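Undergrad: Could you work out the structure for the sequence below:
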Amino acid sequence: DAGGGGGGSLHCRGCRSGCPRPERLQPFRGRPQPRRPGEAPAPPPSRAGSWAGQPRSGVRRPFGTGRPVSLFTLGTMRALGSVEQMSEVLQAAVLAGINHLETAPAYGPAEDFLGQALQRADRQPDGGWVMTSKLLPGLSLREGKHQLLKILERLGCNKLDNLAIHGLNRPEHLDWALQGDGRALLDWAQGEGHTVQVGFSSHGSQDLIATAISSGRFQFCSLHLHLLDPQRLPLALRALKRGMGILAISPADKGGRLQAPSPTLKSDCAPFTPLQLAYRFLLAQGISTLSVGAAKASDLALAAALQRSDSPLTAEEQSSLQRLADHRRGRLGSDLCGQCQACLPCPNEVPIPELLRLRNLAIGHDMTPFCQERYNLIGRAGHWWETLDASACQRCGDCLPRCPHQLKIPDLLADTHRRLQAAPRRRLWG
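TA: So this is what the prediction gives:
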């Protein structure tokens, strides 16, 4: 209940006895038993029922200055059908060893459903839930205060563990957070005890993210970190060295729809599944936690299987990663874009590396449906995604002498547009 438990922790209406004080909750320091040479990690169960049962306590990693979090985080943006659906995935998360919940007002009814599901729940993780919610940038101080208090009301708690700026994507967003009403809002939220720490999520440029990390204002951040798109990984490692917590945004779906991979990609990652290999790649890098947007209990089966998998990559995993890269290189040949970004800036602001990355995946691993989906969101998702597609290339040739691989970039961009242009799809939220 709201009045129970020790200071500094989340007291949701789903708690039965109050959460322990944060200093009493120590990270789980166990390690999985070593596998025999040549033995792959256990495959995920085929049904939720094969792993559901007693609550599990997996590895906990530090997350900024707040309470430690599980290797996987339950993202609540997919269980939007009913309170019953949210309750199902919430209880599955407990059984999978998850203690971290991520939500936002922008996720439609997610916070309402989550608050009601917490109230109904008869199980919770050891130490209670670690709760993260988010506010969009640009709010006035008055509106920001109102929205944060409504978040707490919907969730049925008196404070958050983590409050993030949702989409620190443009320079003006960062200015708002560091100097404007955003700074006053974050100071107020912490000063009044409404959140333990503050952070941000970002889909913005690497320079913008680097500036936000080095500002010293934030204790955690959520970034797009993917096996098939590791461009932001150096930024994440830099943030970890500063003591920040790092949440990887949607390494399954946004990482290439790895939960439903192409047959080619499945073969390229064997003997591991693409999603299993992607999760292990990020966890072995030290990323604090990986988000899983579950719509049903079985969506958390792999998270349950890997809840203690924080060991370094095995030789077999490293070999699979190398074969994955070799297959991509073999299929693309001399047209492979190495993602060095030497072609930037483009005079016409064409995001050349990002567009050619989609071409790499479409040809290199037969991921055309995913690449078409992403390509056709360009210009239709505001500041959450690129605004110009390959048709904006004017063939000025400015990029050609800067490419270390002598790629015929205008021709490759034209080919990208021909391959990937299709009817657009709606974004999941917003």
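Undergrad: what pLDDT does the residue nearest the centre of the chain get?
TA: The centroid of the chain falls nearest to residue 249 when counting by Cα atoms, centre = their mean (0.9 Å). Here, the pLDDT recorded for residue 249 equals 96.
Undergrad: Am I right that residue 379 sits in a helix?
TA: No. Read with DSSP: H, G, I helix; E, B strand; the rest coil, residue 379 is coil and lies in no helix.
Undergrad: From residue 421, how far out is it?
TA: To residue 421, residue 379 is 12 Å away according to Cβ to Cβ, to the nearest Å. Every residue, glycine included, has its C-beta placed from N, CA and C.
Undergrad: so after the host helix or strand of residue 118, what's the next helix or strand?
TA: Using DSSP states H and E, residue 118 sits in helix 110-120. Counting by DSSP H and E, the next helix or strand C-terminal to helix 110-120 is strand 130-135.
Undergrad: Next secondary structure element downstream of that following strand?
TA: Tracing the chain C-terminally past strand 130-135 and defining elements by DSSP H and E, one meets helix 141-155 next.
Undergrad: now that following helix: mean pLDDT?
TA: Averaging pLDDT along helix 141-155 gives 98.
Undergrad: same thing with stretch 376-385?
TA: Stretch 376-385 carries an average pLDDT of 85.
Undergrad: Quick check: end-to-end length of that stretch?
TA: Using Cα to Cα, to the nearest Å, the end-to-end distance of stretch 376-385 comes out at 11 Å.
Undergrad: Stretch 305-323 too?
TA: Span of stretch 305-323 from end to end, Cα to Cα: 24 Å.
Undergrad: Quick check: chain neighbours aside, which residue is closest to residue 111?
TA: Leaving aside its chain neighbours, residue 111 sits nearest to residue 154 (4.1 Å; criterion: Cβ to Cβ, 6 or more residues apart in numbering).
Undergrad: Repeat that for residue 331.
TA: Leaving aside its sequence neighbours, residue 331 sits nearest to residue 364 (Cβ to Cβ, 6+ apart; 5.1 Å).
Undergrad: per-residue confidence at residue 34?
TA: On pLDDT, residue 34 comes in at 44.
Undergrad: Likewise for the one 3 residues further on?
TA: Per-residue pLDDT puts residue 37 at 42.
Undergrad: try residue 359
TA: Reported pLDDT at residue 359 in the predicted model: 98.
Undergrad: show me what contacts it?
TA: Listed by Cβ atoms under 8 Å, 6 or more residues apart in numbering, the contact partners of residue 359 are 337, 371, 412, 415-416, 419-420.
Undergrad: In the longest helix anywhere in the chain, which of the residues would be classed as buried?
TA: Ranked by residue count under DSSP state H, the longest helix found in the chain is helix 315-332. By neighbour count on 16 or more other Cβ atoms under 10 Å, the buried set for helix 315-332 is 316-317, 320-321, 324, 327-328, 331-332.
Undergrad: okay, those residues in CSV with distance to residue 264 next?
TA: Formatted as CSV, the buried residues of helix 315-332 follow (distance: Cβ to Cβ, whole Å):
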residue, distance to residue 264
316, 20
317, 19
320, 14
321, 16
324, 11
327, 8
328, 10
331, 9
332, 13
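Undergrad: Could you list the residues in contact with stretch 223-242?
TA: Contacting residues not belonging to stretch 223-242 are listed as 201-203, 206, 209-210, 213, 221, 246-251, 254-256, 258, 274, 277-278, 281-282, 285-288, 339, 353, 357, 361, 365 [Cβ under 8 Å, 6+ apart].
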